[in-house]
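# Using only what follows, build the 3D model:
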Amino acid sequence: MPQKRTGPPRSIRLLRPPGADGVGLMCIADRRQASYYTFKEIPCEIGGRAFALHRLGLGTLYHVRVGKPAQCSCECMGYLCHGRCKHILGLLALTGHGMV
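Predicted coordinates for the structure are as follows:
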C-alpha cells in the first residue's frame, strides 16, 4: 500500500500568550522557514472560535476559525485550494492544549 505523502514536519510555538490587549505571538516553522504571526481572538457567531492572524513582515491578514472539523476555515490559499492549512492546524494545537 503506498504511503500518503505529507508535507514537511511543522512545529508551532507560542512565543507570547495573549496579553491584556488580547494579542499573542506565535511561530509556525518547518525545515525551510519560520513564519511569525500576531493573533487575536475575535467574535464568532457561527460556531467555533475565530482569530485574526497577521503575518509579520508581509502584512498578510488571515481570518481563521477553529473548532469541530466542520467549523474550521481560513482565508489563505492553502485552505482555499486544498481544504487544509498550517494556520488551522496551529491554532487547533494551541487551543487544544489550553494555551490560548
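
# Could you use CA atoms for every contact and neighbour count after this?
OK.

# Tell me where the longest helix sits in the protein.
helix 86-96 (DSSP state H).

# how about the CA coordinates for it, as PDB?
Provided in PDB are the C-alpha atoms of helix 86-96 (Å, rounded to 0.1, in the frame of the first residue of the first chain):
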ATOM      1  CA  LYS A  86      -1.000  25.400   8.700                       C
ATOM      2  CA  HIS A  87      -3.000  28.300  10.400                       C
ATOM      3  CA  ILE A  88      -5.900  26.000  11.300                       C
ATOM      4  CA  LEU A  89      -3.600  23.200  12.500                       C
ATOM      5  CA  GLY A  90      -1.500  25.600  14.600                       C
ATOM      6  CA  LEU A  91      -4.500  27.200  16.300                       C
ATOM      7  CA  LEU A  92      -6.100  23.800  16.800                       C
ATOM      8  CA  ALA A  93      -2.900  22.700  18.600                       C
ATOM      9  CA  LEU A  94      -2.800  25.800  20.800                       C
ATOM     10  CA  THR A  95      -6.500  25.800  21.700                       C
ATOM     11  CA  GLY A  96      -6.500  22.000  22.200                       C
END
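
# what about the strands in this protein?
Remark: strands assigned in the chain by DSSP state E are 11-16, 23-29, 34-42, 49-55, 61-66, 73-74.

# which other helices and strands contact the last one?
What that stands for is strand 73-74. For strand 73-74, the elements it packs on are strand 61-66, helix 86-96, judged by 3 or more Cα pairs under 8 Å, 6 or more residues apart in numbering; DSSP states H and E.
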